[in-house]
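Q: My questions concern the predicted model and sequence given below.
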Amino acid sequence: MKQVAVIILNWNGAALLRRYLPSVVANTPSALADVIVADNGSSDNSLEVLRDEFPSVGVIALDKNYGFAEGYNRAFDQVEHPVTVLLNSDVRTPEHWLEPLVEYLNEHDDVGALQPKLLHDRDDGREVFEYAGAAGGYLDKHGYPYCRGRIFEAIEDDNGQYDDITPSILWASGACLVVRTELYRRAGGLDSDFFAHMEEIDLCWRIHLLGYDIRMVPQSRVYHLGGASLPQGNPRKTYLNFRNNLLLLHKNLPASEGRRLLLVRRLMDTLAFGMAIAKWHWGDARAIIKAHRDYRRMRSRYTQHPSRNLLHELPECRCNIVVDHYLRGRKVF
């Protein structure tokens, strides 16, 4: 058996497969890894494209669209490779993208998951970090995600400023997440109730709670288009981000500390709702209301809470990134 399964989740993405899968096939060493596409019940010609144009790629054909989280869980049920890569269908991989990641994981038993440097796939050749994960992510003291290389909408050029392997990041991007397969299963996999967005942060948090670190390995880089499923500004994306962020904090913080933080978040999200109204973004405003309503309905599903507050353990998680960014003008990590 090969050591690595590179799993690409696809839904109605025949055009993306034609654009991005050739680089993955060409630059993934066949002796090291199997490239597998898990098709989430596509209704376009994705399966025909895979059969006719990519015969060396394995295919897991799911019967319907299970979303990002459950789609990957079902794909994991069908692989036994020691290491699995969750790779978005809109990621271009250059030569030698995989080897440094696997080598680092093999040499560090205390690391459970990692990511490469994540750059934006663009035509002008400019090396710019990509929104979804940049050089590794954190949450601030109120649970807002940010990255080395990206704070809210402020995105940096890659000038080598994050070419160090940090002691630990809080979360690695689901655009290219390398994880020990057995640990993925032991942590419970991706939470299917999230459907999509922030499910990888939730998984990484649980991996930390099991005693493993998460790293970014800058010797590897991939190029992510981003927004292939839901673009920025889509109310559905707003809804999933707000709802899942609340669920993330509720389930992964100690119960008493979670209640206090979520009270603060309710106030801050009320401000976000007011800003959406002021900008006439009615879809986003409705999405925020629906996110809080559904969070209150769903939170009872999570009755087990950890005793550790991971946000207190990582120094990068003790900041107030909202105040730092919007009031103090902080644009870089």
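A: Right, received. Where do you want to start? Residues are numbered from 1 along each chain as shown.
Q: Show me what the longest helix along the chain is packed up against.
A: With DSSP state H applied, the helix covering the greatest number of residues in the chain is identified as helix 255-278. Using 3 or more C-beta pairs under 8 Å, 6 or more residues apart in numbering; DSSP states H and E as the contact definition, the elements that helix 255-278 packs against are helix 235-252, helix 282-298. (Each C-beta comes from the backbone N, C-alpha and C, glycine too.)
Q: Would you format these as CSV with distance to residue 123 and mean pLDDT included?
A: Output for these, formatted as CSV (distance: least, C-beta to C-beta, whole Å; pLDDT from 0 to 100):
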stretch, distance to residue 123, mean pLDDT
helix 235-252, 24, 96
helix 282-298, 30, 96
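Q: Ok, which of those comes nearest residue 273?
A: Taking C-beta to C-beta as the criterion, residue 273 comes closest to helix 282-298 out of the helices and strands packed on helix 255-278, the separation being 4.7 Å.
Q: what's in contact with that closest one?
A: Applying C-beta atoms under 8 Å, 6 or more residues apart in numbering, the external contacts of helix 282-298 come out as 193, 233, 235-236, 238-243, 246-247, 250, 266, 269, 272-273, 276-277.
Q: how about low-confidence regions in this protein?
A: Applying pLDDT under 70 to the predicted model, the residue ranges of the chain that meet it are 227-233.
Q: Domain ranges for it, per the record?
A: Structurally, the chain divides into domains by automatic domain parsing as follows: 4-224, 235-317.
Q: can you give me the end-to-end distance of the shortest one?
A: Translated: domain 235-317. In terms of C-alpha to C-alpha, to the nearest Å, the two terminal residues of domain 235-317 are separated by 27 Å.
Q: And for the longest one?
A: With C-alpha to C-alpha as the measure, the ends of domain 4-224 fall 21 Å from one another.
Q: Residue 1 contacts residue 33, doesn't it?
A: No - with contact taken as C-beta atoms under 8 Å, residue 1 and residue 33 are classed as non-touching, separated by 10.9 Å.
Q: if we can go back for a sec, let me know which of the domains of the chain is the nearest to residue 332.
A: For these, distance to residue 332 was read as C-beta to C-beta. The smallest value, 5.8 Å, belongs to domain 4-224.
Q: what separates that closest one from the chain centre, distance-wise?
A: Centre-to-centre, domain 4-224 and its host chain are 7 Å apart (C-alpha atoms, centre = their mean, to the nearest Å).
Q: From the chain's centroid, how far away is the longest helix of the chain?
A: Helix 255-278 has its C-alpha centroid displaced from the chain centroid by 23 Å (C-alpha atoms, centre = their mean).
Q: now the angle from that helix to helix 282-298?
A: What separates the directions of helix 255-278 and helix 282-298 is an angle of 160 degrees, with axes from the mean of the first three to the mean of the last three C-alpha atoms, to 10 degrees.
Q: before we move on, the earlier item: highest mean neighbour count out of the domains of the chain?
A: Ranked by mean neighbour count under mean count of other C-beta atoms under 10 Å, these are led by domain 4-224, which reaches a mean of 20.
Q: Start and end of stretch 40-55, how far apart?
A: Across stretch 40-55, the terminal residues are separated by 19 Å (C-alpha to C-alpha).
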